[in-house]
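[1] sequence isn't available, so here's the structure alone:
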């Protein structure tokens, strides 16, 4: 019975050539990490049951985006009552905002969330204006718009995340409030420990309930609200944490490695890139690297995190320093020659080599602009 367990979802795919939205039913079989896709419009199977080891049950929830062989599907609803009853009560999303005073603890925060089985689905570093802070807080009954809170959000960049977990809102709220209810719950022990630190507890904003979480997510990630993405484009370089590392639960560890080794993060964006965008981004490697096609497939296979990175000395060009820190493209060579590099520690193969870094100094601005501005 467990082998045949099936989760069914209604999904939409925007067909760019025809400028239409097509509706599909996606069935996911957790036992074999397999999917099946049915075309609702034409009443026919679009993709027969196929194994996709890069997908997991936690990737499927209302509002998620799934890449299937280069096509990005938006999960918009449950396709049957069994799936709804199985997931709707538990798999929830919430919003988490790191104020500028807490950004230095980004890796620690992400590690705690991931260790508590939270999935990180969206992320963005922005700079609030006073007007945007007021718009963000105006409808919150329990938040007083004070000078202190205003200064916390406009005094420097903030990073917002959409995170997913069973009873996500309640779990984080109880941990932050240091409730007795979570004291003996081993499944959230890392979060309990995290919020014991006063500087982190003060430096993180969370919503009070699911309705407020939805409002916060809609405000923060809606481009119409004009939140300014932070981007220096001076003495900086691009780093991308690849989807396989995020799926393996190494996102927080890699961030910690970066910040603990003298680098600062001045821009952050999580993307689920369309295959065509991945092809454009890696175009320079077409016909040069035999790994071009699998590199594209890997980047398109799930959420990645793009970072603008600067050296501790912001007047120093961080390009070469970060490139050396990433290590050789082949992790096996990195393990032998430079075992302390990111690719040596987290890479698996030339394709699954943990991180992308800019190869040529003249390409740093082009790559940063492509990820942070053109994809916008």
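    All right, it came through fine. In this text the structure is predicted, and so the values were computed from the model without any measurement.

[2] name the spans of the stretch 251-376 of the chain whose pLDDT lies under the cut-off.
    Applying pLDDT under 70 to the predicted model, the stretch 251-376 of the chain contains no residue that meets it.

[3] can you map out the helices along it?
    For the stretch 251-376 of the chain, the helices defined by DSSP state H, counting those that start in this stretch cover 251-260, 275-281, 292-299, 319-326, 331-337, 342-346, 364-369.

[4] out of those, flag the one nearest residue 311.
    Ranking the helices of the stretch 251-376 of the chain by their distance to residue 311 (criterion: Cβ to Cβ) puts helix 319-326 first, at 5.5 Å. Bear in mind the C-beta positions are built from the backbone N, C-alpha and C, glycine included.

[5] what helices or strands is that closest one leaning on?
    strand 236-241, strand 263-271, strand 304-311, helix 342-346, strand 355-357 (3 or more Cβ pairs under 8 Å, 6 or more residues apart in numbering; DSSP states H and E).

[6] could these go into TSV alongside distance to residue 255?
    Listed next are these as TSV, based on distance: least, Cβ to Cβ, whole Å:
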stretch	distance to residue 255
strand 236-241	8
strand 263-271	8
strand 304-311	8
helix 342-346	11
strand 355-357	11
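
[7] quick one: closest of these to residue 139.
    strand 263-271 (25.7 Å).

[8] what does the closest one contact?
    Contacts to strand 263-271, defined as Cβ atoms under 8 Å, 6 or more residues apart in numbering, come from residues 103, 106, 120-125, 157, 159, 229-232, 236, 255, 258-259, 303-312, 314, 318, 321-322, 325, 368, 371-372, 375.

[9] endpoints of stretch 139-159, how far apart?
    21 Å (Cα to Cα, to the nearest Å).

[10] check stretch 274-294 too.
    Stretch 274-294 stretches 14 Å from its first residue to its last (Cα to Cα).

[11] separation between residue 42 and residue 48?
    Separation of residue 42 from residue 48 (Cβ to Cβ, to the nearest Å): 15 Å.

[12] again with residue 230
    Separation of residue 230 from residue 48 (Cβ to Cβ) stands at 45 Å.

[13] so which of the two has more stuff around it?
    residue 230 (20 against 10; other Cβ atoms under 10 Å).

[14] out of the helices and strands packed on helix 319-326, which is closest to residue 137?
    Comparison of these against residue 137 by Cβ to Cβ identifies strand 263-271 as nearest, at 22.3 Å.

[15] any idea how far the closest one is from the middle of the chain?
    11 Å (Cα atoms, centre = their mean, to the nearest Å).

[16] before we move on, what about stretch 236-246?
    Counting by Cα atoms, centre = their mean, stretch 236-246 comes out at 10 Å from the chain centroid.
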